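**Q** fold the following, please.
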Amino acid sequence: MNNIAAKYKGLITGAIMIAISMGIFAWQKSFDSSLQNFVYVTYVIGIIWTLFSYKQQTNSTATFKAYFSESFKCFIVVTLMMVLFTLFFILLHPELKEQMGVLMREDMAKMKDQTPLDIENSISSAKKFFLPGYLMAAVLANLFIGTLVTVITGGFLSTQRRN
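**A** Below you'll find the predicted structure:
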């Protein structure tokens, strides 16, 4: 099982993350749940799996650069999959944008310094940037987490090199 290429580990990890996300949405009817942490834990496990199996393949002689390169192949595939999942999911569920508008209206109505026109303009603007905002958040979050886990784990593993 350790001879699976990093990009395929990314495909496996991404598929599991999507399945978990869909399960959470089917059960909760929302992604705003602490259960979403299971998606990120799966992502971290996938990256660590990639790095530790690479360590075994190289007999613990890899440099940080080599670990980062190997892990990048995994987490870039996961990032692409999650961005595509986010895109298709939002396009298939336009009600999410409307729900966001309703929640925004409720929150802004509680503020005394907002006029009804200000509220409608804010909601209209938020709806316009709903899809690009979610896609940008998916890209940045996945790249950040992938890079962070890789730097920490790859740094640790590269200091454990055999001479």
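**Q** CA atoms for contacts and neighbours, from now on please.
**A** OK.
**Q** residues of the helix or strand hosting residue 51 that come out buried?
**A** Per DSSP states H and E: residue 51 is located in helix 37-57. By neighbour count with 16 or more other Cα atoms under 10 Å, helix 37-57 contains the buried residues 39-40, 42-44, 46-55.
**Q** give me the element the most centrally placed residue in the chain is part of.
**A** Taking Cα atoms, centre = their mean as the criterion, residue 142 is the residue nearest the geometric centre of the chain, at 3.9 Å. If you go by DSSP H and E, residue 142 is part of helix 130-159.
**Q** if you average pLDDT over that helix, what comes out?
**A** What helix 130-159 shows for mean pLDDT is 94.
**Q** please state the offset of that helix from the chain centre?
**A** A distance of 8 Å separates the centroid of the chain from that of helix 130-159, by Cα atoms, centre = their mean, to the nearest Å.
**Q** what's in contact with the helix holding residue 51?
**A** Residues from elsewhere that reach helix 37-57, judged by Cα atoms under 8 Å, 6 or more residues apart in numbering: 2-3, 6, 9-10, 13-14, 16-18, 20-21, 61-62, 67, 70-71, 74-75, 78, 145-146, 149-150, 153-154, 157.
**Q** please indicate which of the residues you listed are buried?
**A** Those of the contacts of helix 37-57 that meet the buried threshold are 6, 9-10, 13-14, 16-18, 20-21, 61-62, 67, 70-71, 74-75, 78, 145-146, 149-150, 153-154, 157, by 16+ other Cα under 10 Å.
**Q** coming back round to it: ok, so of the buried residues of helix 37-57, who is nearest residue 88?
**A** For those, the residue nearest residue 88 by Cα to Cα is residue 39; the value is 17.7 Å.
**Q** tell me the predicted confidence for the closest one.
**A** Looking at residue 39, its pLDDT is 94.
**Q** what count of nearby residues applies to residue 152?
**A** Applying other Cα atoms under 10 Å, we find 10 residues neighbouring residue 152.
**Q** go on, the one 4 residues further on?
**A** If you count neighbours by other Cα under 10 Å, residue 156 ends up with 12.
**Q** can you pull the contacts of residue 114?
**A** Contact partners of residue 114, counting by Cα under 8 Å, 6+ apart, are residue 108.
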